[in-house]
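> Here is a sequence with its predicted model. Questions after.
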Amino acid sequence: MKILNIKYYILLVVLASSCTKFVEIDPPRTALERGTIFANQETAEAAVRGLYYTLTGGSTWSSFTGGIKSITFLSSLSADETVTVSSNTNLDVFKNNTLLSTSINVRDLWNKMYETIYKANAVIEGVNNSTELSSELKSKFAGEAKVIRAFCHFYLANLFGDVALVLTTDYRVNNVADRTAVADVYEQVITDLKDAQSLLQPSYNTGTIERKRIDWSAATALLARVYLYKGDWANAEIQATGCINAGPYSLQTNLDNVFLKGSAEAIWHLCNDNNNAGDALAFIKNKYVVLRQELLNSFEAGDKRRINWVTGITNTTNYITYKHKSTSSSPITEYQMVFRLAEQYLIRAEARIQQSGKIADGIADLNILRARARATVTAEVPNPLPALSATLSKEAALAAVEQERRIELFTEWGHRWFDLKRTGRVNAVLSALKPSWTSMAALYPLPQDQLLNSNMEQNPGYDE
């Protein structure tokens with residue numbers, strides 16, 4: 001099989017640029033050149049920065065640079081969060097869940113994530129084979145790359161279902177790889193993240209680094225999410241608690257500060273030196289989509305998340321996401337959030353509620369976020385966003401989790417789209433909103449280019 005027509009990349013330090021890029025070369029030179037790149041700290045560090053560059057400046061699937069091609073943007077249409085303002089063929093197929101295997105955006109999601117995986121593999125192999133780097137640097141660089149590889153595989157599995165598990169740069173192996181069951185993809189993701197936990201330190205994201213690099217807490221945040229998706233409630237709680245207690249993270253009391261550069265809530269965010277976060281451009285400046293009325297109606301009275309994270313469009317009745325707010329290229333005031341502390345409270349809340357005797361503990365976690373989002377008492381709203389009762393039934397408590405995740409994480413990295421699917425709610429919710437909805441649409445089709453160059457079978461219901 002030919003994974004996405006992957007070409008062969010190697011790291012090259014571009015001395016004239018602030019970013020390090022991968023440069024296409026012929027396969028036979030890969031090992032020799034990689035050995036040179038990882039021969040000393042300076043070039044190896046530049047190579048790892050090049051891997052981050054694929055997320056912040058060189059890849060359209062990332063929410064930083066992707067704009068209307070990013071996972072955040074497209075999955076908000078697939079779910080029940082946004083709707084197109086005017087007809088746009090490339091976007092309407094996501095809004096209506098009528099994707100075809102020929103969709104350019106589907107192809108780009110697949111290809112760009114596998115390119116990122118390939119580059120992460122190049123870093124892992126280069127670091128592991130290096131005889132010059134210190135053990136400390138080897139651990140740090142390999143750990144960062146393993147989290148990025150796990151991150152990509154996690155998203156591929158949740159978008160497409162069974163996908164190819166690519167763990168090497170060896171084109172002879174990759175060319176014959178086949179689809180791997182989601183359960184097995186998750187196991188590899190967990191292995192990568194546990195390895196990363198053992199390799200990384202919790203102190204990388206202090207001082208001037210501003211949480212731009214992956215550390216132990218970032219690995220742990222993703223691991224908590226994966227355990228939650230697997231229904232491994234005990235381990236999801238353990239990992240989320242570890243992340244919450246690790247520090248130096250804390251919930252921002254001012255919601256306008258959550259997505260700013262240097263936010264205390266950020267566990268990992270993306271940035272580059274040339275632009276503010278990409279979501280502001282995608283949702284605010286371009287105005288291709290607006291928030292669905294159903295989402296707007298779901299906010300409770302006195303919820304500051306409605307006040308601070310949603311804004312109206314002048315001279316219209318439409319509203320848009322207003323989490324990232326700066327649409328200018330400078331000054332740099334906002335980084336693109338990837339993992340933040342609020343999600344860990346939501347993960348722990350759900351994991352606790354699913355376990356016997358821990359419903360009240362889970363509700364307490366939800367109330368922490370509700371208290372943060374509670375507006376000041378007014379005559380019009382005398383009881384804003386009241387605390388949830390600790391005596392809720394399990395069913396009611398899980399409904400409260402869904403509500404809090406919907407309101408806290410809307411239009412962030414596909415959370416709502418994935419939540420509807422993993423909880424078995426996607427058919428009930430979307431069939432009521434979208435006349436063209438069919439259950440097969442819960443998985444995106446594999447891109448046609450991929451099928452033409454492999455023996456892979458298409459997801460059920462799609463024409464190849």
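Perfect, I can see it now. Since the model is a prediction, treat every value here as computed from it, not as a measurement.
> which residues of the protein score low on pLDDT?
Along the chain, the model assigns pLDDT under 70 to residues 1-35, 58-59, 63-66, 203-209, 464.
> any idea which residue sits dead centre in it?
Central residue of the chain (CA atoms, centre = their mean): W413, 4.3 Å from the mean position.
> how many other residues sit next to Q201?
Residues contacting Q201 under the criterion other CB atoms under 10 Å number 13. Yep, even glycine has a C-beta here, placed from its N, CA and C like the rest.
> Leaving out sequence neighbours, find the closest residue to it.
Nearest non-adjacent residue to Q201, counting by CB to CB, 6 or more residues apart in numbering: W216, 6.0 Å away.
> residues contacting that neighbour?
Contact analysis of W216 by CB atoms under 8 Å, 6 or more residues apart in numbering lists A196, Q197, L200, Q201, P202, Y204, A246.
> about what we covered before: thought the residue nearest to the centre of the chain was touching L74?
No. Counting by CB atoms under 8 Å, W413 stays clear of L74, with 11.2 Å between them.
> Skipping its backbone neighbours, what lies nearest N274 in space?
N274 sits nearest to S329 (CB to CB, 6+ apart), 6.4 Å away.
> wait, what's in contact with the one you found?
S329 makes contact with N274, N275, N276, according to CB under 8 Å, 6+ apart.
> ok, the last one - contacts?
Read that as N276. By CB under 8 Å, 6+ apart, the contact set of N276 is H324, S326, T327, S328, S329, S330, I332, T333, E334.
> Phi first, then psi, for it.
Backbone torsions of N276, given as degrees, to the nearest 10, read phi -80, psi 180.
> What distance do you get for it to L270?
11 Å (CB to CB, to the nearest Å).
> I'd assumed A342 was in contact with D365.
No. The pair D365 / A342 is not scored as a contact, 10.2 Å apart, by CB under 8 Å.
> who's more crowded, these two?
Here D365 and A342 are compared on neighbour count by other CB under 10 Å; more neighbours surround D365, at 25 against 22.
> Give the full set of residues in contact with the more buried one.
Y345, L346, R348, A349, R352.
> tell me which element it falls in.
Assessed by DSSP states H and E, D365 sits inside helix 359-372.
> Check which element follows that helix along the chain.
helix 394-408.
> following that next one, which helix or strand comes up?
Sequence-wise, the next helix or strand downstream of helix 394-408 (DSSP H and E) is helix 415-422.
> Which elements pack onto that next one?
Counting contacts by 3 or more CB pairs under 8 Å, 6 or more residues apart in numbering; DSSP states H and E, helix 415-422 is packed against helix 71-78, helix 394-408, helix 426-431.
> from the contacts of D365, which is closest to T56?
Closest approach to T56 among the contacts of D365 (CB to CB): L346, at 25.8 Å.
> where exactly do the strands run in the chain?
Secondary structure of the chain by DSSP state E: the strands cover 9-12, 21-24, 82-84, 163-164, 179-180, 266-270, 289-291, 310-312, 319-321, 336-340.
> So which residues lie in contact with the last one, not counting its own?
Residues outside strand 336-340 that contact it (CB under 8 Å, 6+ apart): 56, 62-64, 218, 221-222, 258-259, 263, 265-271, 277-279, 323-324, 412-413.
> Helix 394-408 and that strand, what's the angle between them?
Here strand 336-340 points in a direction 160 degrees away from that of helix 394-408 (axes from the mean of the first three to the mean of the last three CA atoms, to 10 degrees).
> Dump strand 336-340 to CSV, restricted to CA.
Listed next in CSV are the C-alpha coordinates belonging to strand 336-340 (Å, rounded to 0.1, in the frame of the first residue of the first chain):
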residue,chain,number,x,y,z
GLN,A,336,-3.5,28.6,19.2
MET,A,337,-4.8,26.5,22.1
VAL,A,338,-4.3,22.8,21.8
PHE,A,339,-4.7,21.4,25.3
ARG,A,340,-6.1,23.4,28.2
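> Need the nearest residue in space to S431, chain neighbours excluded.
W437 (4.7 Å).
> my guess is the one you found meets L430, correct?
Yes. If you go by CB under 8 Å, W437 and L430 touch, sitting 4.7 Å apart.
> Look at the two and report which has more neighbours.
Set W437 next to L430 and count neighbours by other CB under 10 Å: L430 wins out with 22 against 18.
> Test my guess that the more buried one contacts R416.
No. The criterion here is CB under 8 Å, and L430 misses it with R416 at 10.8 Å.
> rewinding a little: the contacts of D365 in helices, which ones?
Y345, L346, R348, A349, R352 (DSSP state H).
> Roughly how far does the first one sit from G362?
Between Y345 and G362 the computed distance is 10 Å (CB to CB).
> Those two: which is more packed in?
Taking neighbours as other CB under 10 Å, Y345 and G362 compare with G362 leading, 29 against 24.
> is it possible to export the helices and strands packed on helix 415-422 to TSV including distance to T253?
Below are these laid out as TSV (distance: least, CB to CB, whole Å):
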stretch	distance to T253
helix 71-78	25
helix 394-408	15
helix 426-431	32
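> Could you single out the most deeply buried of these?
Of all these, helix 71-78 has the most neighbours on average by mean count of other CB atoms under 10 Å, namely a mean of 26.
> can I get the CA coordinates of it in CSV?
Only the C-alpha atoms of helix 71-78 are listed here, as CSV (Å, rounded to 0.1, in the frame of the first residue of the first chain):
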residue,chain,number,x,y,z
ILE,A,71,-10.0,20.1,11.8
THR,A,72,-11.6,22.7,14.1
PHE,A,73,-13.3,24.5,11.3
LEU,A,74,-14.5,21.5,9.3
SER,A,75,-15.7,19.3,12.2
SER,A,76,-17.7,22.2,13.6
LEU,A,77,-19.7,22.0,10.4
SER,A,78,-20.0,18.2,10.6
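> residues in contact with that helix?
Residues from elsewhere that reach helix 71-78 (CB under 8 Å, 6+ apart): 61-63, 66-68, 82-84, 91, 94-95, 97, 105, 109, 155, 159, 279, 282-283, 289, 410-414, 416-418, 441.
> tell me the angle it makes with strand 336-340.
Using the same axes, to 10 degrees: helix 71-78 against strand 336-340 is 80 degrees.
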